[in-house]
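S.K.: Quick one, fold the following:
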Amino acid sequence: MKKIDEFRKPLSGFENQMPRGWVWDDTRTFLAVARHGTLSGAAAELHLGIATLSRRIERLEKALKLPLFVRQQSGYQLTEEGAGLIEKAEALEAAAAAFSSGVSRATQLSGRVRLATAENLATALILPTLPQFQAQYPGIRLELVTDITTVNLHRRDADVALRMVKPERGNVTLRRLGTLGFGLYASPDYVAQREAHDDAGDYDLDAFITWGETQAHLPAAQWVERVLQGREPALTTTSLATQLAAAKAGLGIAVLPHFLAREAGLDCVAEDIGVDQPIYLVIQTDLTQSGRTRAVADFLAELVASNRERLSGWYSR
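M.R.: As a prediction, the model looks like this:
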């Protein structure tokens, strides 16, 4: 397995060099006039009126507080200050062309990408921002698979995966994006009741909501099993959404992701119980050069990065 390279490198930014009041169209006008030496030649290139070009040059000179041209009867001649800005203006022109080309390629990408991930990441993280991705890549059709227990990338059941278990085999490329933090949570009423009975120091009298036998390998399920020491849980489920709902109903304590539990209004009983899980971006190695697959991988990487504190739970501690 290989680590995923950074898919996007930011373009060199020139915005910090630009004065207040700067408009990109004015720079285009500046370059056209400098290259043609006349307003009429620049007007023909840009398909604009001479009066419009003259206003843009004046606006740019006012923004820069510099004279860019000497107006002569024969045409426009660059001043020393204007000549010194040609290189920067051309760099801006190149950056704008690269940006436009990138937008054009984005709209041309098409096809299906199958993404496997946990249901909680799909519903609470990916789906709310998916419209932005679809607006940028209207031709890419995303197939979302949340039953990840049956998905194996080495069998090509999916093209990309966002998962908490590191793959141990297969021709896949992976990158660790962040951490999904877990804690112990219950409803405010349940917490108030256990504190009133002096049960806050241990879990001997607590009712626990946990996973069924099929998910007994999960770190959260194993943690609860160690705490119960043979006692029966109050409820077992096969989904995190059900555990969240059961905890909200006051049925007991559950090991839940910090961001889901807090946003659901649950109270934290214990913040750090040692079951935090890494978040991996996994992709079929032979698809790393596929434009549509890389677009999805970039989207996921940026999404996790922008929500890193939220997912880990540190944003509200």
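S.K.: Give me the neighbour count for residue 270.
M.R.: The tally of other residues near residue 270 (other CB atoms under 10 Å) stands at 13. Every residue, glycine included, has its C-beta placed from N, CA and C.
S.K.: quick one, what contacts it?
M.R.: 183-184 (CB atoms under 8 Å, 6 or more residues apart in numbering).
S.K.: Quick check: it vs residue 313, distance?
M.R.: 12 Å (CB to CB, to the nearest Å).
S.K.: Quick check: neighbours shared by these two?
M.R.: Contacts common to residue 270 and residue 313, judged by CB under 8 Å, 6+ apart, are residue 183.
S.K.: those strands in the stretch 101-250 of the chain, which residues are they?
M.R.: In the stretch 101-250 of the chain, the strands defined using DSSP state E, counting those that start in this stretch lie at 111-117, 140-145, 160-163, 172-180, 182-186, 208-211, 235-237.
S.K.: Of these, give the one that comes closest to residue 82.
M.R.: With CB to CB as the criterion, residue 82 lies closest to strand 140-145 of the strands of the stretch 101-250 of the chain, at 44.5 Å.
S.K.: The closest one pairs with which strands, parallel or anti?
M.R.: Applying DSSP bridges to the sheet, strand 140-145 is found paired with strand 111-117 (parallel).
S.K.: contacts for the partner strand?
M.R.: So strand 111-117 is in contact with 126, 139-146, 148, 151, 153, 157-163, 292-293, 296, 300, going by CB under 8 Å, 6+ apart.
S.K.: Quick one: buried ones out of these?
M.R.: 126, 140, 142, 144, 146, 148, 151, 153, 158-163, 292-293, 296, 300 (16 or more other CB atoms under 10 Å).
S.K.: remind me which residues of the stretch 51-200 of the chain are low pLDDT?
M.R.: The model of the stretch 51-200 of the chain has pLDDT under 70 over residues 98-107, 148-157, 168-170, 198-200.
S.K.: What are the boundaries of the helices in it?
M.R.: Using DSSP state H, counting those that start in this stretch, the helices found in the stretch 51-200 of the chain span residues 80-84, 86-108, 119-121, 127-136, 188-196.
S.K.: what separates stretch 263-273 from the chain centre, distance-wise?
M.R.: Taking CA atoms, centre = their mean, to the nearest Å, the mean C-alpha location of stretch 263-273 is offset from the chain mean by 25 Å.
S.K.: How is residue 251 assigned, secondary-structure-wise?
M.R.: coil (DSSP: H, G, I helix; E, B strand; the rest coil).
S.K.: And it, how close does it get to residue 268?
M.R.: Taken as CB to CB, the span from residue 251 to residue 268 is 17 Å.
S.K.: for residue 164, same thing?
M.R.: 20 Å.
S.K.: Over to residue 190?
M.R.: Counting by CB to CB - residue 190 and residue 268 are separated by 12 Å.
S.K.: The two: which is more packed in?
M.R.: residue 190 (22 against 17).
S.K.: so what's that one up against?
M.R.: Applying CB under 8 Å, 6+ apart, the residues near residue 190 are 247, 250, 252-253, 267.
S.K.: For those, pick the one with the most neighbours.
M.R.: residue 253 (27 neighbours).
S.K.: wait, that residue sits on residue 209?
M.R.: Yes - counting by CB atoms under 8 Å, residue 253 touches residue 209, with 6.8 Å between them.
S.K.: intersection of neighbour lists for those two?
M.R.: In contact with both residue 253 and residue 209: residue 247, using CB under 8 Å, 6+ apart.
S.K.: Switch the helices of the stretch 51-200 of the chain over to TSV; also include distance to residue 71.
M.R.: Below are the helices of the stretch 51-200 of the chain laid out as TSV (distance: least, CB to CB, whole Å):
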stretch	distance to residue 71
helix 80-84	12
helix 86-108	18
helix 119-121	62
helix 127-136	44
helix 188-196	74
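S.K.: Select, out of the ones you listed, the one closest to residue 224.
M.R.: It is, among those and with distance given as CB to CB, helix 188-196, at 15.7 Å.
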